[in-house]
Structure formats: C-alpha cells, structure tokens
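In: Any chance you could fold what I've pasted below:
(one chain, ligands or ions: 1)
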Amino acid sequence: MSGILIKGAKTLLPGNEIRECDICIEGGRIIGVNNVPAGFCADRIIEGADRLVMPGLINCHTHSYMAFMRSAADDVPFMDWLFKGVSPIEDNMTDEDAYWGACLAIIEMMRTGTTCFSDMQMNPGMTSKAVLESGMRAVISRGLVGSGNDEGGRMRLDQTYREMEEFKDCDRLSFMLGPHAPYTCDEEYLKIVASEAKEHGMGIHIHLSESVSEIDQINEKYGCTPIALAERTGIFDSRCVAAHCVQLKDGDIEIMKDHNVSVVTNPASNMKLGNGFCPVPELLEAGVNVCLGTDGAASNNRLNMFSEMELLSLIHKGTHRSPVCVSAKETLDIATINGAKALGLESEIGSVEEGKKADLAIIDLKRPALQPENDIVSELVYCAGGYEVDTVIIDGEITMENGRILTLDEEEVYSHTAAIMRRIRG
Ligand code: NI
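Out: The predicted model follows:
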C-alpha cells in the first residue's frame, strides 16, 4: 500500500492546539501524526511549509440541490420567499436538476474546506450520486412529509430505504430519516418515523422551532412547543439532529439535553429569513451538543462554513453584549468535532488524530488576512474567508489540489445550473 505524507505543516490538533507535524495517510486514514509507522511508504508528498492542516469542516444542515436557486428570491417576506420564490422552482425541477444543484453545492463546500455535509433532499439518489462522483462525504436524509399513514409519507420512507440499499457500497455515504418539520408531518406520522428510526437504528434529521409562526401553529394544534411534540412522538428516542431551534421556550433546552439531541445552528439563514437567533450560549451552558450548518443556498446564500463560523461567534457576542461569548476555539469545535458527534461519526472524523479518516483541509497561510500568524485559531474564525483552502483530502483521496477540483468539471456544472434556471424561469 502506498500513501500520502504531509511534511512539516502547522496542524490544528484536538483541543485546538497548533503544532508542526508530519502526517502519514494510508488506506483512507491518518496512520501517523509525527510518527512514521514501520513500512509506511509515501508515493505522494505534500510540502507543508506556509500551510495549515485542519480537520475538514462539517456542515450539519443543508439542502444541496437548492444551490442553483441561489439569490432567486431575496429581500421578500418569508411566505413570499417560500411560496412565490422557492416552491415554483421546486415544482418545475427534475431529478437531474437536483443532481447538478448538488454538484454546485459540493464544489462550493469543497473549495471552502467542508469535507462532510448532512443533506435533506427531495430527489432520491441525486445527492448521493453527486457525493459518490465528487469524493465528498455526506449523511443523506430524504425529506419526509406525511400525515398519519398516508401513501405519500410511506413512499418517501421507502425511498430512503431503497437509496440506502443502492449506495450501500460507498462508505462515504450514510443515511438518516428526515421528517421535514412538525408543520409538514403530523403527530401520527412523526410517531411512525420515530418507531422506524428505532427499529433500523437510524438517526433523525429534522427542522424544529425555526420561526414564530411555527411555534404558534404547533401550539394551536397540539398545545405544546415543537420540541415537546418531538419528544412525545419519540423523535428524540433515536440520535436526533435538530436544525434551527431558534424560538425555544422554557423547558425546551432541558428536554433536548435529557435526550442528547444535537442542535444545528444556521445563523445566516435564520437572520436572512428574519427568524432570529438560536440561543447558542445557553445551549452550550446546558451541555447540549451544538453544531453548525449553512442551510440551503436559497436562504443563506452561501455554503461557506468559514463565513458561518465568523457570524456564529460575532452575533452572540453582539446580542449578549459579551466579547467572551462563543470563542474562536468553541466555534472551531462546533464546526468540526461537534458536527461529527451529531452525525454519529466522532470516532471517524472531526479531528486530526491517528486512526481517524483522513478528511483534511489544507490552508494557504500566505494570504493577507492570515498574516502575521499572531493567533491562527482566531484568524481561522475571524479573518479567513474560506477560499484560502487550497488542497482538500477526503477519505485519504486528494479531491482538490492547489486550488483545482480534481473530481468534478466545474465549467460543466456552472453551465448546467445556469441552463436549469433559464429553463425554469422561461
Ligand atoms: Ni433547512
């Protein structure tokens, strides 16, 4: 077997300590950090001078197919955004469109250091196909909508299982059940999803407590909060990743802590759609696992985890009037190891450690915003724009090298996504 040696690069290690390291990669994994195992033979050497190796970022909530809808419905009220902007495009898109959207999303994520994302999709198989071809890692949820045991809800669950079977040989792909939200899935359907998740040992990916109108609607229908509804349907009895959690009420945080629910905060999307701020400092204080996501490009409009990290830290400092709130170190953990924990992959990804998968972003430090290197951890969160990433390794394979994506044809993706919007808008 042959491998990759990254030679003498500053490396972001667990605990956000930076040290100069030689990193040996073989068989998809990091097999040595400043320790060359006997018999290791590097057929590729990456020079580490002026570079930083960090764990690839983990985007825990997105809808990759939406990438071609970027900036198609901005600065309009939420219901206009959804029903006049996004829905008409979704009604006219094909499975193939969703594939090209996912490719565009993957290019943007890879270029900005994301090596794993958790996707809620509408077109079965399409994100998985793009992940398979691009060398990315992803956790896929087919967005589930249903009431009681209606046919549509059953069909969408079965599509999840079929897709799992179809892609079972790709170990960069894993799957969760994705009940969309309590306002699109009724109580009975949530119970069915919860019981199947338990039966199959699968995690759950859901939107919860995103907006005031959702809180009002669920309270009127069920007399409780979306979080309490999720608890009583059994949604929290499996490993659950809850996106947004912006509008939390008394008792919600305790429920999530008791059930080890992970919260994905999506600061840009929540601000852009006028929904507010997830109480991240309070969740962290209570010991809830908080991770980070971009949400889809129709509501962010970037899929750039570096800009998301900066926002995350700054908005809570601002809203809490506290410069010590959500530090750079906490932010980096939220974007890496906490994401791995949320997805049940913490023994495989989320840090640069021997034995873990080699999912790495290599950053060019000779960029103005990263100089001088007074505090690299701070500079990653408060200064980097994301496009300082120049090489990406996922599952031990180089997918981007010196700024060039090796696995997808970028021009082809751009021309397809432009053509999709020309066709849909007529
Ligand atoms: Ni979402």
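In: Helix or strand: which one has the closest residue to P37 other than its chain neighbours?
Out: What sits nearest to P37 in space, not counting adjacent residues and going by Cβ to Cβ, 6 or more residues apart in numbering, is I31, at 5.4 Å. In short, each C-beta sits where N, CA and C put it, glycine included. If you go by DSSP states H and E, I31 is part of strand 29-33.
In: again, but for L132
Out: When secondary structure is defined by DSSP H and E, L132 falls within helix 126-134.
In: Give me the helices and strands touching that helix, please.
Out: Counting contacts by 3 or more Cβ pairs under 8 Å, 6 or more residues apart in numbering; DSSP states H and E, helix 126-134 packs against helix 95-111, strand 137-144, strand 173-179.
In: avg pLDDT for that helix?
Out: The predicted model assigns helix 126-134 a mean pLDDT of 98.
In: Can you tell me the number of residues neighbouring E26?
Out: 20 (other Cβ atoms under 10 Å).
In: Return the residues in contact with it.
Out: M1, S2, G3, I4, F40, G396 (Cβ atoms under 8 Å, 6 or more residues apart in numbering).
In: Which residue ranges of the stretch 201-350 of the chain form strands?
Out: 204-208, 240-244, 262-265, 289-292 (DSSP state E, counting those that start in this stretch).
In: tell me the angle the second one makes with strand 204-208.
Out: Just to be clear, that refers to strand 240-244. 30 degrees (axes from the mean of the first three to the mean of the last three Cα atoms, to 10 degrees).
In: how far is strand 240-244 from where the chain is centred?
Out: 11 Å (Cα atoms, centre = their mean, to the nearest Å).
In: ok, now how distant is I393 from E254?
Out: Per Cβ to Cβ, to the nearest Å, I393 is found 40 Å from E254.
In: quick one: which of those two has more around it?
Out: I393 (27 against 12).
In: Check for me that that one belongs to a strand.
Out: Yes - under DSSP: H, G, I helix; E, B strand; the rest coil, I393 falls within a strand.
In: For it, which residues are in contact?
Out: I4, I25, G56, T115, A358, D359, L360, I362, T399.
In: Which of those residues ranks first by neighbour count?
Out: D359 (32 neighbours).
In: With L12 as the reference, measure out to the residue nearest to P37.
Out: 19 Å.
In: pLDDT weak spots in this protein?
Out: Applying pLDDT under 70 to the chain flags residues 1.
In: what about the closest residue to S299 other than its chain neighbours, how many neighbours?
Out: Once flanking residues are discounted, S299 sits nearest to S269: 4.4 Å by Cβ to Cβ, 6+ apart. When neighbours are counted by other Cβ under 10 Å, S269 registers 25.
In: if we can go back for a sec, I'd like the next helix or strand past the strand holding I31.
Out: Using DSSP H and E, the helix or strand that follows strand 29-33 in sequence is strand 42-47.
In: residues in contact with the closest residue to H207 other than its chain neighbours?
Out: Leaving out its chain neighbours, the residue that sits closest to H207 by Cβ to Cβ, 6+ apart is A181, at 4.2 Å. Applying Cβ under 8 Å, 6+ apart to A181 gives the contacts I206, H207, L208, E210, E214, P226.
In: go on, D252?
Out: By Cβ under 8 Å, 6+ apart, the contact set of D252 is S209, T225, I227, A228, C245.
In: Equivalent analysis for A67, please.
Out: Contacts of A67 by Cβ under 8 Å, 6+ apart are G101, A102, L104, A105, E108, G296, A297, L303, T417.
In: okay, those in a markdown table with distance to C278 next?
Out: Shown next, in a markdown table, are the contacts of A67 (distance: Cβ to Cβ, whole Å):
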| residue | distance to C278 |
| --- | --- |
| G101 | 26 |
| A102 | 26 |
| L104 | 27 |
| A105 | 22 |
| E108 | 23 |
| G296 | 17 |
| A297 | 20 |
| L303 | 19 |
| T417 | 30 |
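In: And these, which is closest to K366?
Out: For the contacts of A67, the minimum distance to K366 (Cβ to Cβ) is 23.0 Å, reached by E108.
In: Tell me, how many residues neighbour that closest one?
Out: E108, neighbours per other Cβ under 10 Å, totals 19.
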